[in-house]
Each structure stands twice: as C-alpha cells, then as structure tokens.
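*Asks:* fold the following and give me the result.
(one chain, ligands or ions: 1)
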Amino acid sequence: MECHGENLGGRIFIEDPVVGTLVATNLTDGPGGIGSTYSDEDFIKAIRNGVRKDGKSVVFMPSHEYNVIDADDLAALIAYIRSKVPVDSTHLPETKIGFPFRLMYVLSDIHLFPARLIDHSVEIPEPVAVRTPRQLGAYVATTCIGCHGDNYGGGKIPGVPPHWPEASNLTIGGVLADYTEEDFFRAMRDGINLEGHVMEQEFMPWQVFGYMTDEELSGLFEYLQSLPPRATGSR
Ligand code: HEC
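*Replies:* Residues are numbered from 1 along each chain as shown. Presented below is the predicted three-dimensional model:
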C-alpha cells in the first residue's frame, strides 16, 4: 500500500532530480495493471524472487525482504490483490532512473535490482501453524530492514532523496532502550516518536504499519527489545 497506493493501482512514489521517477506497478487487473496477465506463479516470482514476467529484475521493489513470506501468507496476499477493484493507471509515466542514481548504484549499496541479491534456490517457506510472539515479531520485522538496516541500527537510508531523515536505531543501543510497549504502539499507530513529534508518513510509513494486529505489534516490540544493542547508524 505504501508504494503501490492504497488501492494497489500504482503511483509515483519517488520523483527527484537525483533519483529519477520511480513508479510502482498497478497490481490490479485494470488498464495498465498486471493483474490480468500475471498468473499466481508470476506474482510469486515477482514478490519473492524479484523477477518480472518478462524475466527482468523488478526495480527498487524490496523482494529480498519478502523472500521469507510463507506459503499461506503468499496465497492470502495474492488473493487479496486479486480482490481489489480494477484501476486504470495508463496516465502514469514510466520509471526513469536518474543518471546520478545509476552511478550511485554502481558505487554503493543501493538495491536497485533486487533479483541480483536473492538466492533463487531457496524454496517458499512452509506455513507455520503457531508462532511465539517473538517469532511473529521477527517475521514481520523484515519489512523494517529496507530503511532501518539489516541489523536495525538505523542511519542514512541508501537510495532515497537527500532530504530524508535518517532512520532511527531500533535496538536497545539506540532510542528503543527508552521505549515502553505503549510508546511503541503510539509510534506505529499514530506516528508519534519518542520525542513526541509526528513523523512524516512519506519517510516512516506508520499509517500502513498501523494495520498490524496487537499481537504482531507486541511481538515486534518484544523481538526488537531482544536484539543485541547496535551503534546508531550501523545499519
Ligand atoms: C520507508 C522507510 C521506513 C520503513 C520501511 C520503516 N521505517 Fe521506521 N523510521 C523511518 C525513518 C526515516 C524514521 C525517522 C523519522 C523521523 O525522525 O521523523 C523512522 C522512525 C521510526 C521510529 C521512531 C523512533 C524514534 O526516534 O522515536 C520507530 C519506532 C520506527 N521507525 C519503527 C519501525 C518499524 C518497527 C518498522 C518495521 C515494521 C519500520 N520502522 C519501518 C523509516 C522507515
């Protein structure tokens, strides 16, 4: 929803002189969308392998983070996508990656072409009947990695426009040490950080995370609290 739009009809999610114009695909079966031509298999390959139907890598879509989604959740996700009202997205421009950004891709760790990062021999994880709160937290925490880093230490997010704030350190080596579970729920549902300011949805997509259940959020908090402390910026 954050990238593809609440109706999953696609949208321009970054327009910046350095980065270029990044357009998220229309996932519905309306004009300009992929829903009518993608089989379930095609969706699975795009979501977890980062490979489009034409065999090329998706651009900027964090498939490497979605590789952990289990078989039941993948099935539910695709069924949900297919249930959405068809949207016409033929007015949207094509993705155009700015030249400076291409150069940055060559020189740094921007994940522009996720298919190259993924081990394609890994099978779809078997569904898990019951997860402990911490396991559930670890499962949903993969959606935080793209911005807060592989070890959740936070810092400058690679590949986003320069005016973005740094992502916070989500370990007890950083701001999380001072969080209660109540503070955490407030951050994730109302977007209010520990200092009491409302975070911009564009940078920290809390409105989307607000859809997580109480169990998921509480498990996520327990999981983050259990991680080894990291230095801020060590993402
Ligand atoms: C698209 C990038 C992005 C994603 C994805 C993301 N965050 Fe953030 N997050 C940020 C940024 C940037 C900030 C700092 C915002 C600010 O300072 O205004 C932030 C701040 C926060 C804060 C506030 C910390 C404080 O300083 O009080 C919490 C809590 C948080 N994120 C948790 C999470 C969790 C948990 C996830 C995964 C479920 C997540 N974030 C996913 C970008 C992101």
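*Asks:* only C-alpha atoms for contact and neighbour calcs from this point on.
*Replies:* Fine.
*Asks:* next secondary structure element downstream of the lowest-mean-pLDDT helix or strand in the chain?
*Replies:* Least confident helix or strand, the chain: helix 99-107 with a mean of 69, by mean pLDDT, DSSP states H and E. As assigned by DSSP states H and E, the chain's next helix or strand after helix 99-107 is helix 133-141.
*Asks:* for V140, give its distance to R134.
*Replies:* 10 Å (Cα to Cα, to the nearest Å).
*Asks:* any shared contact partners between the two?
*Replies:* L220 (Cα atoms under 8 Å, 6 or more residues apart in numbering).
*Asks:* can you tell me the SS state at the residue nearest in space to the middle of the chain?
*Replies:* For the chain, the residue nearest the mean C-alpha position is T143 (4.8 Å; Cα atoms, centre = their mean). Following DSSP: H, G, I helix; E, B strand; the rest coil, T143 is assigned to helix.
*Asks:* now do the one 3 residues further on
*Replies:* Secondary structure, three-state DSSP: G146 is helix.
*Asks:* distance of it relative to E6?
*Replies:* G146 is 20 Å from E6, by Cα to Cα.
*Asks:* more neighbours: which of those two?
*Replies:* More crowded of G146 and E6, by other Cα atoms under 10 Å: G146, with 18 against 11.
*Asks:* per-residue confidence for the more buried one?
*Replies:* Listed pLDDT for G146 reads 86.
*Asks:* so what's it up against?
*Replies:* Counting by Cα under 8 Å, 6+ apart, G146 touches P62, E65, I157.
*Asks:* and the chain, which residues reach the ligand?
*Replies:* 141, 143-144, 146-147, 165-168, 175, 184, 187, 193-194, 199-200, 203-204 (Cα under 6 Å from any ligand atom).
*Asks:* now which of the residues you listed would you call buried?
*Replies:* Neighbour-count burial (16 or more other Cα atoms under 10 Å) applied to the residues of the chain next to the ligand gives A141, C144, G146, C147, E166, A167, S168, F184, A187, N193, L194, M204.
*Asks:* where's the dip in pLDDT among those?
*Replies:* Among these, G146 carries the weakest pLDDT, at 86.
*Asks:* roughly how far apart are that residue and H64?
*Replies:* With distances taken as Cα to Cα, G146 is found 9 Å from H64.
*Asks:* which intervals of the chain have sub-threshold pLDDT?
*Replies:* By pLDDT under 70, the weakly predicted segments of the chain are 104-110.
*Asks:* could you chop it up by domain?
*Replies:* As recorded under automatic domain parsing, the domains making up the chain are 11-117, 133-226.
*Asks:* now distance to M1 too, for those domains, in TSV please.
*Replies:* Formatted as TSV, these follow (distance: least, Cα to Cα, whole Å):
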stretch	distance to M1
domain 11-117	10
domain 133-226	7
